[in-house]
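Q: I'd like to go over a predicted model; first the sequence, then the structure.
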Amino acid sequence: MTESRRPSRGHRGGPRPDAGTARAGAAGRDSKRPNTRPRQPKRPDGAGVDRARLAARDVLRAVRERDAYANLVLPALLRERGLDGRDAALATELTYGACRAQGLLDAVIASGAGRPVDEIDGPLLDVLRLGAYQLLRTRISPHAAVDTSVDLVRTEFGGGRAGFVNAVLRRVAERTEDEWVAELAPDASRDPIGHLAFRYAHPLWIAQAFADALGAGAGELEQVLAADDARPAVHLVARPGEISAEELALITGGEVGPYSPYAVHLDGGDPGKLDAVREGLAAVQDEGSQLVARALTLAPVTGADGGRWLDLCAGPGGKAALLGALADIEGARVDAVEPAAHRADLVRKTTRGLPVDVHVADGRDPGLEPGFDRILVDAPCTGLGALRRRPEARWRRRPEDVTGLVALQRELLASAISLLRPGGVVLYSTCSPHLSETVAVVADAVRRHGVQPLDTREFVPGVPDLGDGPGVQLWPHRHGTDAMFMAALRKPD
Ligand SMILES: C[S@@+](CC[C@H](N)C(=O)[O-])C[C@H]1O[C@@H](n2cnc3c(N)ncnc32)[C@H](O)[C@@H]1O
C-alpha cells in the first residue's frame, strides 16, 4: 500500500493540466531527495535517466505499440542492458504492476488530466501509468515518483510535455488509492462486482466470469481478484524418471509443492539460470498444469492401456514433456499435435529424448490413425485463469474472443473423441475458468457425442476444495495454482 500522506484537494475542479499551463515541475523541490543525481540534459535516447524506470517505460511502450508480452520483453531487455539486483527488481515491479493495474491507473489519470486517456499521447501515457502506479501502489516517495517520471519525459520530449506529466501526477498524488477508489469506483452496495473489478483493476467482464465460475463461492471473488495481482511463485516440474521433487527442492532451495508429486515452488529468481533447468531435469510449469497432465494418466480406461497417448494441442510442450516422461515409465508413446510450426519446434525441444512424436497439424483433422487410449485436449482459450503470470493479458482479451474460441474448443474435443478407442479417455482442459469454455463445452460433448463424464476429482488426489464435480476447477486463491479447468470423459465401449 502507499505510505500515508495528507491529500490536498486543492486542485479539484481547477483548470485541466495541459502542456504549457502546468506549473513548474517538482524536480529539485524535494529536500529529502538525494542530491547526488545530476540534472538530466535532454537526450533523445533517454541516457542518464533512472535505468530501472527507463527499462519499465520501454517495456510498457512495446506492450502498447506492438502488442508485446511484458514477461518476454522485460527479461530480454534487462539482460541486454545489464540490469540486475535492485534495478532489475524495481524495473520488474514497476512494469508488471503498471501493466496489471492499467484500468485503475487509467481511470485515475483521466480524472487527473480532465480528459480520457485515449486523448493523451501514447508515450506520455506510458510514463503517466508508471508514475501513477508508483504513487498509488508502492511505497516510493511521491517526490521520487513524480520527479523520475518528469525526467523520463523531459529527456525525450522537452519541458512542455514534462510539465503536463508533472501536473497530472501531482493531481494523482492528492489522493491515496483507497480515496481514488471511493471516488471513481461503482458503488459497492449497488454494483458489488463492478466495485471489486475497479478496485482490483480487472475488466468487468472478467470479474463477472470469475463470479459466475465460483457460483456458490462467489463470495471469494475478492480473493480471486487479489490473487491475480499477487506475484506468483515460480513453479518447477521435476521430470519423472530423472529427479524427484525432493531432490530438486534440495538443490534449488525451493519447497516441494503440496499437490503434484513433481512440483517445487521457488520464491523468485531466474529459473533459467538453474543447472537443473539447463540440464533438462526440471522445467518451469505451473503446478495446476502438472496436475492436468497427471490426471490424464490416472483416469481409468476400460481394459488394458495399449500405450497410445495423444496430446492434441501440444505447443509449447509443457504438458507433452510431462506426459512423455510418464509415458516413458509406463512403456507408452505420445503423439503431439501442434499447428504452429515454431511452437511445434518448441515441443520437439522440450520432449527431446522422450517417446514423443511431434506432428505439425490441425487438431481438428490431424491425419492420425484413430484408436488412442488417452487424449489430452489442452485447448486454446482466453487464458483468464493465468492472468497473474501474464501482466497485460487482462486488458488485451475481449469478451468477443470467447465465441470463436468456444467453437474451436468444441471442434477439437469432437475430433479427440473421434480419435479415441471405445473405452478410452479424453481429458479436456483450459487455463480459463470461463463457464462457456469449461462446463458448457463439456456438456455439449456429452450431449452430442455420448461420452461419459468421469468424476475428475478422483484424478487429482489430495487436492481439497473441488466442489461438487464432476469437473475440476482449480483456483489461485484456493490451491496456489493457475485457475485450470479439467474434465475427464470416457468413450462408451
Ligand atoms: C493452451 S495451449 C497448449 C499448452 C500446452 N499443452 C502446454 O502445456 O505447453 C493451446 C495450443 O493449441 C494450439 N492450437 C491452436 N489451434 C489449434 C488447432 N486447431 N489444433 C491443435 N492445436 C491448436 C495453440 O497453437 C497452442 O499452442
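A: Yes, it's here.
Q: how about the residues of the stretch 201-350 of the chain that lie near the ligand?
A: With the criterion set to C-beta under 6 Å from any ligand atom, the stretch 201-350 of the chain comes near the ligand through 289, 312-319, 337-340, 343. Using the backbone N, CA and C atoms, a C-beta is placed for each residue, glycine as well.
Q: Please list only the buried members of these.
A: With burial judged by 16 or more other C-beta atoms under 10 Å, the buried subset of these is 289, 312-319, 337-339, 343.
Q: Now Pro142: closest residue in space, sequence neighbours ignored.
A: Ala173 (4.6 Å; C-beta to C-beta, 6 or more residues apart in numbering).
Q: What distance do you get for the one you found to the ligand?
A: Applying C-beta to the nearest ligand atom, to the nearest Å, the value for Ala173 to the ligand is 41 Å.
Q: quick one: that residue and Leu135 touch, right?
A: Yes. Using C-beta atoms under 8 Å, Ala173 is in contact with Leu135, at 5.0 Å.
Q: which neighbours do the two share?
A: Residues within reach of Ala173 and of Leu135 at once, by C-beta atoms under 8 Å, 6 or more residues apart in numbering, are 142, 145-146.
Q: which one of those sits closest to Asp365?
A: The nearest member of the shared contacts of Ala173 and Leu135 to Asp365, counting by C-beta to C-beta, is Ala145 at 54.5 Å.
Q: need the helices for the stretch 351-493 of the chain, in chain order.
A: Assigned by DSSP state H, counting those that start in this stretch, the helices in the stretch 351-493 of the chain fall at 393-396, 401-419, 439-449, 476-479.
Q: Which among those is found nearest to the ligand?
A: helix 401-419 (5.8 Å; C-beta to the nearest ligand atom).
Q: okay, now the domains of this structure?
A: Listed by automatic domain parsing, the domain ranges of the chain are 51-178, 186-227, 234-284, 287-490.
Q: now those in CSV, with mean pLDDT?
A: Formatted as CSV, the domains of the chain follow (pLDDT from 0 to 100):
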stretch, mean pLDDT
domain 51-178, 97
domain 186-227, 96
domain 234-284, 95
domain 287-490, 98
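Q: returning to that earlier point: ok, the residue nearest to Pro142 - contacts?
A: Listed by C-beta under 8 Å, 6+ apart, the contact set of Ala173 reads 5, 135, 142, 145-146.
Q: Show me which of those residues are buried.
A: 135, 142, 145-146.
Q: roughly how far apart are the residue of the stretch 101-250 of the chain found nearest the ligand and Gln290?
A: Relative to the ligand, the nearest point of the stretch 101-250 of the chain is Val237 (10.4 Å; C-beta to the nearest ligand atom). Note on Val237: its distance to Gln290, by C-beta to C-beta, to the nearest Å, is 5 Å.
Q: Distance from the chain centre to stretch 468-480, please.
A: 17 Å (C-alpha atoms, centre = their mean, to the nearest Å).
Q: what does stretch 50-60 give?
A: 20 Å.
Q: thought Glu65 was touching Gly122?
A: Yes. Under the criterion of C-beta under 8 Å, Glu65 makes contact with Gly122 at 6.8 Å.
Q: how many neighbours does the closest residue to the ligand within the stretch 1-150 of the chain have?
A: Proximity of the stretch 1-150 of the chain to the ligand (C-beta to the nearest ligand atom) peaks at Tyr69, 14.3 Å away. Neighbourhood size, Tyr69 [other C-beta atoms under 10 Å]: 16.
Q: tell me the contacts of it?
A: 63, 390, 392.
Q: any idea how far the second one is from His235?
A: Between Arg390 and His235 the distance, using C-beta to C-beta, works out to 15 Å.
Q: Compare the two (neighbour count), which wins?
A: Set side by side, Arg390 and His235 show more neighbours around His235, with 26 against 21, by other C-beta under 10 Å.
Q: if I've got this straight, that one is in a strand?
A: Yes. According to DSSP: H, G, I helix; E, B strand; the rest coil, His235 belongs to a strand.
Q: Just checking, which helix or strand succeeds whichever strand or helix holds Asp328 along the chain?
A: Element membership of Asp328 [criterion: DSSP states H and E] is helix 318-330. Sequence order places strand 333-337 as the next helix or strand after helix 318-330, per DSSP H and E.
Q: Helices along the stretch 51-200 of the chain, start to end?
A: Using DSSP H, counting those that start in this stretch, helices in the stretch 51-200 of the chain cover 51-66, 70-80, 85-100, 102-113, 122-137, 142-157, 159-172, 177-184, 192-199.
Q: would you turn those helices into a markdown table with distance to Arg397?
A: Shown next, in a markdown table, are those (distance: least, C-beta to C-beta, whole Å):
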| stretch | distance to Arg397 |
| --- | --- |
| helix 51-66 | 14 |
| helix 70-80 | 15 |
| helix 85-100 | 13 |
| helix 102-113 | 12 |
| helix 122-137 | 19 |
| helix 142-157 | 28 |
| helix 159-172 | 26 |
| helix 177-184 | 23 |
| helix 192-199 | 14 |
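Q: out of those, deepest packed?
A: helix 122-137 (a mean of 25; mean count of other C-beta atoms under 10 Å).
Q: just checking, what packs against that one?
A: Packing contacts for helix 122-137, counted by 3 or more C-beta pairs under 8 Å, 6 or more residues apart in numbering; DSSP states H and E, involve helix 51-66, helix 85-100, helix 102-113, helix 142-157, helix 159-172, helix 177-184.
Q: Show me the one of those helices that comes nearest Leu204.
A: Taking these one by one with C-beta to C-beta, helix 102-113 is closest: 9.2 Å.
Q: where's that closest one relative to the chain centroid, distance-wise?
A: Distance, centroid of helix 102-113 to centroid of chain: 22 Å (C-alpha atoms, centre = their mean).
Q: Which elements pack onto the longest strand along the chain?
A: If you go by DSSP state E, the chain has its longest strand at strand 420-430. In this structure, strand 420-430 makes packing contacts with helix 287-298, strand 372-378, helix 401-419, helix 439-449, strand 485-490, judged by 3+ C-beta pairs under 8 Å, 6+ apart.
Q: Could you check how far the second one is from the centre of its chain?
A: Think strand 372-378. The mean C-alpha position of strand 372-378 is separated from the chain mean by 25 Å, C-alpha atoms, centre = their mean.
Q: Give me the sheet partners of it and which way each runs.
A: Using DSSP bridges, strand 372-378 pairs in its sheet with strand 308-311 (parallel), strand 420-430 (parallel).
Q: do it and the ligand meet?
A: Yes. Judged by C-beta under 6 Å from any ligand atom, strand 372-378 and the ligand are in contact via Asp378.
Q: CA-only coordinates of that strand, as CSV, when you get a sec.
A: C-alpha atoms of strand 372-378 as CSV (Å, rounded to 0.1, in the frame of the first residue of the first chain):
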residue,chain,number,x,y,z
PHE,A,372,-5.9,-43.8,-28.9
ASP,A,373,-6.2,-44.9,-25.3
ARG,A,374,-5.7,-41.4,-23.8
ILE,A,375,-6.0,-38.0,-25.3
LEU,A,376,-5.3,-34.6,-23.8
VAL,A,377,-7.2,-31.6,-25.3
ASP,A,378,-5.5,-28.7,-23.6
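Q: what residues are up against Ile251?
A: Per C-beta under 8 Å, 6+ apart, neighbours of Ile251: 275-276.
Q: That one and Leu236, how far apart?
A: Distance from Ile251 to Leu236, by C-beta to C-beta: 11 Å.
Q: before we move on, what about Val117?
A: 39 Å.
Q: Kindly report the same for Thr382.
A: Taking C-beta to C-beta, one finds Thr382 at 26 Å from Leu236.
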